[in-house]
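Enquirer: Need coordinates for the below:
(one chain, ligands or ions: 2)
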Amino acid sequence: MRRRASEAGTPEISPQMAAMVIPLLMWFSSMVMMGVTGFPTKNDNFEELQKQLRRNLLANGLGNTPPMGWNSWNHFSCHIDEKMIKETADALVSTGLAKLGYTYVNIDDCWAEIARDDKGSLVPKKSTFPSGIKAVADYVHSKGLKLGIYSDAGYPVMTRALMKAGRPIFFSLCEWGDLHPALWGAKVGNSWRTTNDITDTWESMVSRADMNEVYAEYARPGGWNDPDMLEVGNGGMTKDEYIVHFSIWAISKAPLLLGCDVRNVTKDTMEIIANKEVIDVNQDPLGVQAKKVRMEGDLEIWAGPLSGYRVVVVLLNRGPWRNVITANWDDIGIPPESVVQARDLWEHTTLKNRFAENITATVNSHGCKMYVLKPIS
Ligand SMILES: *[C@@H]1O[C@H](CO)[C@@H](O)[C@H](O)[C@H]1NC(C)=O
Ligand SMILES: *[C@@H]1O[C@H](CO)[C@@H](O)[C@H](O)[C@H]1NC(C)=O
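Expert: Residues are numbered from 1 along each chain as shown. Ligands and ions are numbered 1, 2, ... in the order given. Next up is the predicted model:
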């Protein structure tokens, strides 16, 4: 997501701009209040949470589950204009992606003129956004979607400006992970980038997954780690690799922001990004980010708890050959005596076998298996 813009510093915004412009990429929203701030532990009671909430600048109640939508950067970079933004909003609705939860339409960098106006406000680029951002926002809103927009870094000042906008605005902050934003991001934003920008390659994708995993403890409803937007559908990885990408982002409770041209998606891409079972893992109300719980060479096991005493596990093969991977209950947080039922989220089947002690699968090179395990006895 996003280059380091040439225009640094804190954007100043007029009241109108505050209502429609979202520096550092914040998204209009009216999601339900569940603001959790600071880093409360399991033992914190409600009062403690309330106290932490008051201490925080940002208490907008948004981001109860990771945000979902689309962003222009990964596919289009600076080649954006109001026509394609509107067409993208249309496509999100006509493909059914909006119904699955992809509701943010985020305009990334390059929408503005380089120079501000004489009041110091940002101005939409005349050549590409001749109708202005408000017209685009109105159009996107008329489709039942929300508009997001990018600006450059400038944290507490922007948070305060957003708090004054008169309605809650999701604040997705990005300083490319330089200053460990997971340690302080929840006080000022709803999500924070933990990495520098992703590119459409296997190496870039898995290295971002790794960097983001380090901060798993800090993710929670209202404040999420963000390993950057999805590359699924952009052509630089195989289908198996994109399935790994989507699976790891889903269990990591990462924002699911499509980065392809949703006006023109292949059947294979649609199969991945519209997998409701995987989306449901991402949007699970428990909101706990999965961790890498075991690693043997190129073979990895990622797992995390879900609501209803369920566990999601991803068996990931990063190596060059097909291989067998076994996840043991004590690694993935299932009580030793438990017998579980396994749902394969990519095959869309519930396995006939019941599993005790472990689950084993043969996994393709640069592929994964993703199961939801449900204790049955
Ligand atoms: C649609 O996507 C295909 C690849 O999947 C590409 O070859 C084609 O140029 C795209 N069409 C447009 C209009 O972008
Ligand atoms: C997996 O569990 C089964 C019992 O369900 C056990 O017989 C087997 O040895 C275990 N395999 C591994 C690799 O731990």
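
Enquirer: Now do the same for the nearest residue to D344 once chain neighbours are set aside: helix, strand or coil?
Expert: For D344, the nearest residue in space outside its immediate sequence neighbours is Y371; the separation is 5.9 Å by C-beta to C-beta, 6 or more residues apart in numbering. In short, each C-beta sits where N, CA and C put it, glycine included. Assigned with DSSP: H, G, I helix; E, B strand; the rest coil, Y371 falls in the strand class.

Enquirer: check contacts around Y371.
Expert: Y371 makes contact with 312-313, 315, 342-345, 359 under the criterion C-beta atoms under 8 Å, 6 or more residues apart in numbering.

Enquirer: average pLDDT for the helix or strand C368 falls within?
Expert: For C368, the host element (DSSP states H and E) is strand 367-375. For strand 367-375, mean pLDDT is 98.

Enquirer: quick one: strands adjacent to that strand?
Expert: According to DSSP bridges, the neighbouring strands of strand 367-375, each with its direction, are strand 310-317 (antiparallel), strand 339-344 (antiparallel).

Enquirer: Take the ones you listed and write them to CSV, including mean neighbour count, distance to I248 and mean pLDDT.
Expert: Formatted as CSV, the strands paired with strand 367-375 follow (neighbours: other C-beta atoms under 10 Å; distance: least, C-beta to C-beta, whole Å; pLDDT from 0 to 100):
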stretch, mean neighbour count, distance to I248, mean pLDDT
strand 310-317, 24, 7, 98
strand 339-344, 18, 16, 98
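
Enquirer: quick revisit: dump the contacts of Y371 to CSV, plus distance to V265.
Expert: Putting those into CSV (distance: C-beta to C-beta, whole Å) gives the following:
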residue, distance to V265
V312, 25
V313, 28
L315, 27
A342, 30
R343, 25
D344, 24
L345, 20
I359, 32
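
Enquirer: and the residue in the stretch 51-200 of the chain that ligand 1 sits nearest to, what does it touch?
Expert: Residue nearest to ligand 1 within the stretch 51-200 of the chain: H75 (9.5 Å; C-beta to the nearest ligand atom). Residues near H75 by C-beta under 8 Å, 6+ apart: 233-234, 259-261.

Enquirer: hang on, it is in a helix, isn't it?
Expert: Yes: when the secondary structure is assigned by three-state DSSP, H75 falls within a helix.

Enquirer: Got the confidence number for it?
Expert: Model confidence at H75, given as pLDDT, is 98.

Enquirer: Pass me the low-pLDDT residue ranges in the stretch 51-200 of the chain, would you?
Expert: Judged by pLDDT under 70, the stretch 51-200 of the chain has its weakly predicted residues at 51-57.

Enquirer: Flag every buried residue along the helix or strand hosting M270.
Expert: Secondary-structure assignment from DSSP H and E places M270 in helix 267-273. Of the residues in helix 267-273, those scored as buried under the neighbour-count criterion (16 or more other C-beta atoms under 10 Å) are 269-270, 272-273.

Enquirer: hmm, what's the outermost residue in this structure?
Expert: D118 (36.3 Å; C-alpha atoms, centre = their mean).

Enquirer: For ligand 1, what's its nearest residue on the stretch 201-350 of the chain.
Expert: As assessed by C-beta to the nearest ligand atom, ligand 1 sits closest to N264 within the stretch 201-350 of the chain, at 3.7 Å.

Enquirer: mind listing the strands for the stretch 201-350 of the chain?
Expert: Taking DSSP state E, counting those that start in this stretch as the test, the strands found in the stretch 201-350 of the chain are 224-226, 256-258, 291-296, 299-306, 310-317, 323-328, 339-344, 349-350.

Enquirer: Which among those strands is found nearest to ligand 2?
Expert: Distances from ligand 2 to each of the strands of the stretch 201-350 of the chain were compared by C-beta to the nearest ligand atom, and the smallest falls on strand 323-328, at 4.4 Å.

Enquirer: ok, which stretches of the stretch 51-200 of the chain are helices?
Expert: Counting by DSSP state H, counting those that start in this stretch, the stretch 51-200 of the chain has helices at residues 73-76, 82-94, 133-142, 155-163.
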